[in-house]
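Enquirer: Model the following, please.
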Amino acid sequence: MISKRFSLLFFLKKSRAEASIIYLRVTVDQQRAELSTKRICDPNRWNSHSGRMNGTKEDARTLNAYLDTLQSKVYEVNRLLLEANEVVTAEAIKNKLTGISERPRLLMLIFKDHNQQMKKLVESEEYAQGTLTHFETTYDHVEHFIKWKYSTKDVDIKKINYELISDLEFYLKTERSCAHNTAMKYLSDFKKIVLLCVKRDWLQKDPFLGYKLTRKEVNKEFLVTEELETITAKKFASERLAVVRDIFLFSCYTGLAYADVQKLKRSEIRTGIDGFKWLFIQRQKSNTPAAIPLLPVCLDIIGRYSCHAKCIEKDMVLPILSNQKMNEYLKEIATVCGIEKILTYHLARHTFATTVTLNNDVPIESVSKMLGHKNLKTTQHYAKILNKKVSEDMKVLRNKFEKDSNDKHLKAI
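Expert: Alright, predicted model coming up:
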């Protein structure tokens, strides 16, 4: 089937000689490519409307038959490109006609270039470092996958199809031992690179079309009130554990992710409309503003480190360590406190959403705003796991049924 965006035209280009050279112009999506037919024609005998030489003499019949043959070749090249699932461009048709091989576009080179550009945008704070790190990990997975599947370092992007994507998912889950949702995240990153190729017209269609990147719903862990109280009351022999515990609790009572606590400045603590202290920040991950009233426990923690040398020197609210160190010490804290859950900043954020706010009847709209969520649906999955709320709602209903039953009984008497 010939592309509707495709057209061709034979025309003359004037030369110093009496006869002009006949050129072929191929147009695809308003992009043109021209090449000489290596034939000439007297301008007085040329029909610009039909793109052929006028007349019935032998020279006209021979020339027009050649142009007809060349036109058929152009249509055939266009058809072959479509059938081969290759990108149809005016330049690609010209290259096929002239025998010039198109330089392959290599997947890993494109991926590497994407990550290098993202690195520069991280420096200008348009992307978070964590986003870059994830794309770099995805790059590593895809690179090893190509070696595993093709025994080579790189492949032409034209090899990307449904089968390759399916094999990549299989590789991530088996050879790399990725859980389902983790594999979906890596495939989602990979899809972004593929869509860049589609948008740049290097691929004719999206290979991910029809491929479902569905994630399984998981219950996110959080600390219950008793566990929070245990961590809060614990006396640590090591000062470093006490500091890490305080920063972790600060996250539990504000909902801030590690990246947000790390870049938190003293100037971002201001007086809110109620006369109390609030945090006014821009969420690192979603780049959305968040306003969070500070609970007394948070104010105590902030005051504890107001004179800390590191905080004064770098205008930090808390003397936070590297993410790796923080997670390492949090494991130690969990062991000392007898808590079996893995303590992370994700868990702290979930604790704020559930135990600290929703479980204490803070409206979900307010929780969503404090968490910096762009969509209320993102916050709603926290509400699904609160049995306490379900119990309280059903208690109201149970009392109603009991009251109605008693009223009917009294009327019967």
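Enquirer: Residues in contact with stretch 165-182: which ones?
Expert: 141-142, 144-145, 148-149, 183, 186-187, 190, 207-208, 211, 215-216, 218 (C-beta atoms under 8 Å, 6 or more residues apart in numbering). From N, CA and C alone the C-beta is placed, and that goes for glycine too.
Enquirer: Can I take it that Tyr23 is in a strand?
Expert: Yes. Assessed with DSSP: H, G, I helix; E, B strand; the rest coil, Tyr23 lies in a strand.
Enquirer: neighbours around it, how many?
Expert: By other C-beta atoms under 10 Å, 16 other residues sit near Tyr23.
Enquirer: repeat for Arg52
Expert: Neighbours around Arg52, by other C-beta under 10 Å: 19.
Enquirer: Look up the closest residue to it, ignoring the ones flanking it.
Expert: Asn64 (4.7 Å; C-beta to C-beta, 6 or more residues apart in numbering).
Enquirer: So what does the one you found look like in phi/psi?
Expert: phi -70, psi -40 (degrees, to the nearest 10).
Enquirer: Highest neighbour count among the contacts of stretch 165-182?
Expert: Phe190 leads the contacts of stretch 165-182 on contacts (other C-beta under 10 Å) with 26 neighbours.
Enquirer: Wait, that residue touches Thr137, no?
Expert: No. Counting by C-beta atoms under 8 Å, Thr137 is not a contact partner of Phe190; they are 11.3 Å apart.
Enquirer: which neighbours do these two share?
Expert: Common neighbours of Phe190 and Thr137 (C-beta under 8 Å, 6+ apart) do not exist.
Enquirer: rewinding a little: among the contacts of stretch 165-182, name the ones in helices.
Expert: His141, Val142, His144, Phe145, Trp148, Lys149, Ala183, Tyr186, Leu187, Phe190 (DSSP state H).
Enquirer: Could you save the residues you listed as CSV and add columns showing pLDDT and distance to Arg45?
Expert: What follows is these, written out as CSV (pLDDT from 0 to 100; distance: C-beta to C-beta, whole Å):
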residue, pLDDT, distance to Arg45
His141, 96, 64
Val142, 97, 59
His144, 96, 64
Phe145, 96, 61
Trp148, 95, 63
Lys149, 93, 59
Ala183, 95, 67
Tyr186, 96, 64
Leu187, 96, 61
Phe190, 97, 58
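Enquirer: Just give me how far the helix or strand containing Asp260 sits from the chain centre.
Expert: Using DSSP states H and E, Asp260 maps to helix 258-262. Distance of helix 258-262 from the chain centroid (C-alpha atoms, centre = their mean, to the nearest Å) equals 20 Å.
Enquirer: that older thread, which one of the ones in helices among the contacts of stretch 165-182 sits closest to Leu24?
Expert: Phe190 (39.5 Å; C-beta to C-beta).
Enquirer: Next, work out how far apart that closest one and Ala334 are.
Expert: 34 Å (C-beta to C-beta, to the nearest Å).
Enquirer: Which residue ranges of the stretch 251-400 of the chain form helices?
Expert: 258-262, 296-304, 309-314, 323-337, 345-351, 364-371, 376-383, 387-412 (DSSP state H, counting those that start in this stretch).
Enquirer: cool, the stretch 101-250 of the chain as well?
Expert: Counting by DSSP H, counting those that start in this stretch, the helices of the stretch 101-250 of the chain are 107-123, 129-150, 162-174, 180-199, 225-233, 239-252.
Enquirer: Which elements pack onto the longest one?
Expert: Applying 3 or more C-beta pairs under 8 Å, 6 or more residues apart in numbering; DSSP states H and E, one finds that helix 129-150 makes contact with helix 107-123, helix 162-174, helix 180-199.
Enquirer: one step back: from the ones in helices among the contacts of stretch 165-182, pick the one nearest Gly99.
Expert: Among these, and counting by C-beta to C-beta, the member closest to Gly99 is Lys149, at 31.2 Å.
Enquirer: Roughly how far does the closest one sit from Lys173?
Expert: The spacing between Lys149 and Lys173, counted by C-beta to C-beta, is 14 Å.
Enquirer: swap in Glu123?
Expert: 34 Å.
Enquirer: Counting neighbours, go ahead and name the busier of those two.
Expert: Lys173 (14 against 11).
Enquirer: SS state for Leu9?
Expert: Of the three states, Leu9 takes strand under three-state DSSP.
Enquirer: quick check: domain ranges of this structure?
Expert: As assigned by automatic domain parsing, the chain contains the domains 6-98, 107-199, 225-390.
Enquirer: Okay, now the sheet partners of the longest strand anywhere in the chain, with direction.
Expert: Secondary structure of the chain per DSSP state E: the longest strand is strand 31-41. Paired with strand 31-41 in the same sheet, following DSSP bridges, are strand 20-28 (antiparallel).
Enquirer: any weak-confidence spans in this structure?
Expert: 1-4, 16-17, 101-102, 284-287, 383-393, 404-413 (pLDDT under 70).
Enquirer: Quick one: residues contacting the residue nearest in space to the middle of it.
Expert: Nearest to the mean C-alpha position of the chain, by C-alpha atoms, centre = their mean, lies Asp189 at 5.5 Å. If you count contacts by C-beta under 8 Å, 6+ apart, Asp189 has them with His134, Phe135, Thr138.
Enquirer: Neighbour count and distance to Val194 for the residues you listed - can I get that in CSV?
Expert: Shown next, in CSV, are the contacts of Asp189 (neighbours: other C-beta atoms under 10 Å; distance: C-beta to C-beta, whole Å):
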residue, neighbour count, distance to Val194
His134, 15, 16
Phe135, 21, 13
Thr138, 21, 12
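Enquirer: between the residues you listed, which is closest to Ala19?
Expert: Taking the contacts of Asp189 together and measuring to Ala19 by C-beta to C-beta, the closest member is Phe135, at 58.2 Å.
Enquirer: returning to that earlier point: sort out which one of the contacts of stretch 165-182 lies nearest Lys94 for me.
Expert: Nearest to Lys94 among the contacts of stretch 165-182, with distances taken as C-beta to C-beta, is Pro207, at 25.7 Å.
Enquirer: for that closest one, what are its contacts?
Expert: Ile160, Asn161, Tyr162, Leu164, Ile165, Val194.
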